[in-house]
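Engineer: Just a sequence and a predicted model for now, questions to come.
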Amino acid sequence: MILPLLIAVPLLHADPTVTIEVGRSRFPSGAEIAASVTNAMGETIFVPACETMQVEVFDADQGRWLPASSGGCKETKPAVGLTEGTHSLTASHVTDRFTVVRLVLVFGLRCREGFSLEMAGCEEFRAATSSNITVAPVEE
């Protein structure tokens, strides 16, 4: 899967014209985290068809953000185009301890339609990140 590799590089090219807003700052483990993604690029951006929103976990021991992938696509699917405007996307993270996470949206610009993001020949990759979110274990 190419997405963990894509996440590492594009954060250096974060783009303020694509934003991720999350309505709350705390979610229970495994809950759906609903986010509003606003594309103000003036052009369509292309995102992965599955695991569209990646989750990164802050590792305090290493002092950095690490990807927390849930496994990726089981089959190759064409990238999804997000036109200018606001779109609703979701993600989730399962944990057994209090964890600080953020959502990451890796997107391509000027990509060929009908291909997976990895194969779409995008001219450029960028990323947008949400503010920090706390994910708490579910109390039983």
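Structural biologist: Looks like it came in fine. Fair warning: this is a prediction, and the values are worked out from it, not measured in the lab. Numbering: from 1, shown residues only.

Engineer: Quick one: the strands in this structure, in order.
Structural biologist: Using DSSP state E, the strands found in the chain span residues 18-22, 26-28, 33-39, 45-47, 54-59, 64-67, 80-82, 85-91, 99-109, 124-129, 133-136.

Engineer: out of the ones you listed, deepest packed?
Structural biologist: Comparing the strands of the chain by mean neighbour count (mean count of other Cβ atoms under 10 Å), strand 45-47 ranks first with a mean of 24. All C-beta atoms are positioned from the backbone trio N, CA, C, and that covers glycine.

Engineer: ok, back up a step: output the strands of the chain as TSV; include the columns mean pLDDT and distance to Ser116.
Structural biologist: TSV is the format used below for these (pLDDT from 0 to 100; distance: least, Cβ to Cβ, whole Å):
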stretch	mean pLDDT	distance to Ser116
strand 18-22	96	20
strand 26-28	96	29
strand 33-39	96	19
strand 45-47	96	10
strand 54-59	94	15
strand 64-67	93	18
strand 80-82	95	10
strand 85-91	95	18
strand 99-109	95	10
strand 124-129	93	13
strand 133-136	96	28
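
Engineer: now these in CSV, with distance to Leu117?
Structural biologist: Converted to CSV, these look like this (distance: least, Cβ to Cβ, whole Å):
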stretch, distance to Leu117
strand 18-22, 15
strand 26-28, 26
strand 33-39, 15
strand 45-47, 6
strand 54-59, 12
strand 64-67, 16
strand 80-82, 9
strand 85-91, 15
strand 99-109, 6
strand 124-129, 9
strand 133-136, 24
